[in-house]
Each structure stands twice: as C-alpha cells, then as structure tokens.
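Student: predicted model and sequence below, questions to follow.
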Amino acid sequence: MTVSFPSLGLAPELLRALDEQGYQAPTPIQREAIPLALQGRDVVGCAQTGTGKTAAFLLPILQRLQRGRHGVLRALVLVPTRELAEQVLNSARAYGRHAGASSAAVYGGVGMEPQTRALKRGVDIVIATPGRLLDHMGRGHVDFSRLEVLVLDEADRMLDMGFAPDVHRILDALPNQRQTLFFSATISTDVDRLARRALNDHAAVDIGRRAEAAEGVEHVLVAVDLTAKRTLLAKLLQELPEGRTLVFTRTKFGAEKLARHLRGEGHGVEALHGDKTQGARNQALDRFKEGRARVLVATDVASRGIDVDDIAMVVNYDVPNDPEVYIHRVGRTARAGAAGVALTLMSPHEWLLMRDVEKLMGRTLAREIVPGFEPTVAPIQPEDRLELPRPQGPSVRPRRGGARRR
Ligand code: AMP
C-alpha cells in the first residue's frame, strides 16, 4: 500500500516544498506521526536519525503555524547538540520555504548576541540546546506565553548528555496547554519517565516501536572470512529464493564496490549511497521498486526514506557497530505479517559485535558455515537456547496500549 504526502492532510505549500526536496512518499514514521500531530495530539515516537523523524514533527508544526500570528515564539524544538540544531533549522527552512514561518537556532559555543537579536525580534520556531536556552531564559530573552508546541528530539541522547535537570527546568517554564511531540531512538526507563513528565495530553500515541514487529524474520548467521564475503554472497543470491533483496554495507565505498562485483556476477544490482545525486538515487530506487533490479546495496545513511514493502531478504554484509542498527535493518523485511530472511555475514573480527546484537534480541543464533567458505577461525557456537538478559528498549519491550496518563 502506497501512502502519499497529500493523503496525510498536508497543505499545498508544504507539499510543494517536499516535491522540491525530491521526497516521493512519506517514511513509516512520517505516515504514522503526521496525521496524529496534525490533529493536535501528543505523540511519542521511537525513531532513530535517518528515519525521517525531523519532517515528521516539522511538517505538522509548519502547518499549524500557517494560521495565527507570526513573529512570536509558538514552537520550541529541544535537541541535544548544536549540529542537530543546525540540521533541524535547515530542514525547517527547506520544508517551510513556502509556508511563511520564521525559525532560529539557539546553541552554545557561539556568541549570544545574534541569537539574542533573533529572539527579541521574534521568531515562530526556536530550535535550541537546553543549556544555552536556559542562559537566554535567565536573561529574559525568551517569552513562552504564546508557545503551542514543544518537541523533544533525541530525548535519549539529551539524557545521556546529562541534560535532564536543564530539560526539567525548561518544562517548568512552559505553558501546560500545549502539544508535545517526543522522539527518542530508545525508550529506557529514564526516557519513559521524561516522556510522562513532558506529555500533557493523555491521548499521546506510541508509534514507531516496530522493531519487534520483525517477528516473521528468519535470522541466518553465516561465519565467513572477510575476503570471501562477496563471492559467498554472489553464490547465495543464486541459490536463495527469488525476491527483493536489500544489502547493507557500512561504507559508501563498500556499497559501490560490492554492487559492481555482484553486477559482474550477473545479478541485477543497484547501489544507493550518499555520493550519488538525488536524481541518481531516485533512479536506483525506482529500478529496485519496479523489479528491474532484484538487489539494492545501500549504506544505512542512504537507506533512509526507502519505503519498499515487499523485501524478501535483508543482508547484513557486515555486522553493524550499533546493535539497534541490526534491528532497524532487519525490520525492512517481513513487514505486515509476511515472512522474510535476515542473512548476516560475520567475519571473525565481528564476533563480539554479533554478541551485542544477540543480547539486544534476547536470543542467540547458530553459526552456519557454507562448505567451501569455511572461515580460517572456526566460530564458537553459542550454547543451545542460552537465555540472555533482555535490556529495556523499544525493540524488546512489549508495546503499550495507546493511551498514556499523566
Ligand atoms: P532524519 O531522520 O529526519 O534525520 O532524516 C534523514 C534524511 O532523510 C534526511 O536527509 C531527509 O532529507 C531525508 N528524508 C526525510 N523524509 C524523507 C522522505 N519522505 N523521502 C526521502 N527522503 C527523506
């Protein structure tokens, strides 16, 4: 099922900007969050960078701000770092270029003065890191009396960076009547506590906790030497059932090299990575979607925004450094109750990374070996049915009911 941006209820000025960005369809988090946020509901979204979460909160804000007064602070976005503040600011300007809202970023490490001027002049959206915002608040530069929307972006990182007391002080200064949009890559107990504190609307909806939805996935773990991976993959692609296959590599260079190799072996392959122009990326994606290329090799970064439903197999050409990334990658297959395969090629130096993935999943996988591709160091087989402790987290926690109360 393809959902389009217009069907989410977005205004023509925003649709035009999205079109200019080259976005063709909303990402899953955008599909879920935008209609809810447009209704004015509070949203708790579990989403990492790269899922399109920024547009998921900015578009409803920009739409809301089209009506009513301009030049007064009506939306506040709290972010953990200045880099993210700049990024969100750029996105706000890009998505809002025809919508008429002004925005400014406020973060530490640079002079106060230009920020003070912007705050005093009056902007509709302020994107801020907590510490610097408190500085401005202390000097009377900020008026929250007209604030309508608060966004907490990357809440888990804000807590990791020790911003909890600052965030609480900011929350104390905000009007209670407001919409709150809360995003975090992981939902630990602390993050959950902060969400409860920040959310005023008891009708908040948890979305995006889809990592556990990958229930129909068969995880296959193959131990192989690094240098033999590409030959093995070419062979496995021949032997495994037909179907759309998404291969993840850690680097752009790796993606391009692998794509070239597989193409040389006669497979229909496209590559998607950040060195390609948006036009070339769209073309690669279209060929994959239309089935003209069975295999798409992508970096994690470039795979953002890929919204293809019937992916039969996800290949981890390398084991990701961050176990959450494994869950995220694998979540691309076995959608909507379908079956899917997650094939991971693990070289000896990736054993420990794989253990981290298994810890997060709460289960171990047998180490398979393909004859002719035996690794030089034989892998240690995990004990049968070894039960690993399950950490708190979105991928392992049962989904809560839709409603939250203060
Ligand atoms: P974010 O997760 O918000 O950091 O976004 C990650 C990247 O995805 C950014 O470079 C966005 O420009 C891009 N992006 C966001 N939404 C879409 C979309 N619907 N289609 C294509 N790209 C998108």
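Tutor: Received, thanks.

Student: surely Ala293 is within a helix?
Tutor: No: under DSSP: H, G, I helix; E, B strand; the rest coil, Ala293 sits outside any helix and is assigned coil.

Student: quick one: the strands in the stretch 301-406 of the chain?
Tutor: Under the criterion DSSP state E, counting those that start in this stretch, the stretch 301-406 of the chain contains strands at 311-316, 340-346, 367-368.

Student: so which of those is nearest the ligand?
Tutor: The ligand lies closest to strand 311-316 among the strands of the stretch 301-406 of the chain, at 16.9 Å (C-beta to the nearest ligand atom). Quick note: C-beta positions are derived from backbone N, CA and C, even for glycine.

Student: okay, the angle between the closest one and strand 340-346?
Tutor: 20 degrees (axes from the mean of the first three to the mean of the last three C-alpha atoms, to 10 degrees).

Student: direction included, what does strand 311-316 pair up with?
Tutor: Its sheet considered, strand 311-316 pairs with strand 244-249 (parallel), strand 340-346 (parallel) by DSSP bridges.

Student: now the next helix or strand after the first one, how far from the centre of its chain.
Tutor: Same thing as strand 244-249. With elements assigned by DSSP states H and E, the helix or strand that comes after strand 244-249 is helix 252-264. Remark: helix 252-264 is offset 25 Å from the chain centroid, using C-alpha atoms, centre = their mean, to the nearest Å.

Student: ok, stretch 72-79 next?
Tutor: With C-alpha atoms, centre = their mean, you get 21 Å for stretch 72-79.

Student: please apply the same query to stretch 180-192.
Tutor: Centre-to-centre, stretch 180-192 and its host chain are 13 Å apart (C-alpha atoms, centre = their mean).

Student: and it, anywhere near the ligand?
Tutor: No: using C-beta under 6 Å from any ligand atom, we find that stretch 180-192 stays clear of the ligand, coming within 9.3 Å at best.

Student: next SSE downstream of the helix or strand of the chain with the lowest mean pLDDT?
Tutor: Every helix and strand of the chain was ranked by mean pLDDT, DSSP states H and E. The lowest is strand 205-207, at a mean of 62. Using DSSP H and E, the helix or strand that follows strand 205-207 in sequence is strand 217-223.

Student: hmm, who's touching the helix or strand following that following strand?
Tutor: Remark: after strand 217-223, the chain's next helix or strand is helix 229-239, criterion DSSP H and E. If you take C-beta atoms under 8 Å, 6 or more residues apart in numbering as the criterion, helix 229-239 is touched by 222, 224, 245, 247, 258, 261-262, 265, 267, 294-295, 315, 317, 343, 345, 347, 370, 373.

Student: filter the residues you listed down to the buried ones.
Tutor: Burial by neighbour count, 16 or more other C-beta atoms under 10 Å: within those this picks out 222, 224, 245, 247, 258, 261-262, 267, 294-295, 315, 317, 343, 345, 347, 370, 373.

Student: can you put the strands of the stretch 301-406 of the chain in a markdown table and add distance to the ligand and mean pLDDT?
Tutor: Output for these, formatted as a markdown table (distance: least, C-beta to the nearest ligand atom, whole Å; pLDDT from 0 to 100):
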| stretch | distance to the ligand | mean pLDDT |
| --- | --- | --- |
| strand 311-316 | 17 | 91 |
| strand 340-346 | 22 | 92 |
| strand 367-368 | 34 | 91 |
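
Student: in JSON lines: the ones you listed, plus distance to Pro26.
Tutor: Below are these laid out as JSON lines (distance: least, C-beta to C-beta, whole Å):
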{"stretch": "strand 311-316", "distance to Pro26": "18"}
{"stretch": "strand 340-346", "distance to Pro26": "22"}
{"stretch": "strand 367-368", "distance to Pro26": "37"}
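
Student: ok, now which ones touch Ala105?
Tutor: So Ala105 contacts Arg82, Ala85, Glu86, Val88, Leu89, Gln115, Val126, Ile127, Ala128 (C-beta under 8 Å, 6+ apart).

Student: and these, which of them are buried?
Tutor: Buried by 16+ other C-beta under 10 Å: Arg82, Ala85, Val88, Leu89, Gln115, Val126, Ile127, Ala128, out of the contacts of Ala105.

Student: what helix or strand is the fifth one located in?
Tutor: When elements are assigned from DSSP H and E, Gln115 belongs to helix 113-121.

Student: report all helices and strands that that helix contacts.
Tutor: strand 103-106, helix 130-138 (3 or more C-beta pairs under 8 Å, 6 or more residues apart in numbering; DSSP states H and E).

Student: show me what the last one is in contact with.
Tutor: Residues outside helix 130-138 that contact it (C-beta under 8 Å, 6+ apart): 78, 106-108, 112, 115-116, 119, 126, 142, 158, 163, 166-167, 169-170, 173.

Student: which among the residues you listed end up buried?
Tutor: Burial by neighbour count, judged by 16+ other C-beta under 10 Å, picks out 78, 106-108, 115-116, 119, 126, 142, 158, 163, 166-167, 170 from these.

Student: and the ligand, which of these contact it?
Tutor: Counting by C-beta under 6 Å from any ligand atom, no member of the buried ones among the contacts of helix 130-138 reaches the ligand.

Student: and of the residues you listed, the nearest to Ile61?
Tutor: Val126 (11.4 Å; C-beta to C-beta).

Student: what does the chain put close to the ligand?
Tutor: 23, 26-27, 30, 49-55, 304-305.

Student: in TSV: those residues, plus distance to Ala11 and secondary structure.
Tutor: Converted to TSV, these look like this (distance: C-beta to C-beta, whole Å; DSSP: H, G, I helix; E, B strand; the rest coil):
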residue	distance to Ala11	secondary structure
Tyr23	15	coil
Pro26	15	coil
Thr27	19	coil
Gln30	15	helix
Thr49	26	coil
Gly50	26	coil
Thr51	23	coil
Gly52	18	coil
Lys53	20	helix
Thr54	18	helix
Ala55	14	helix
Arg304	24	coil
Gly305	21	coil
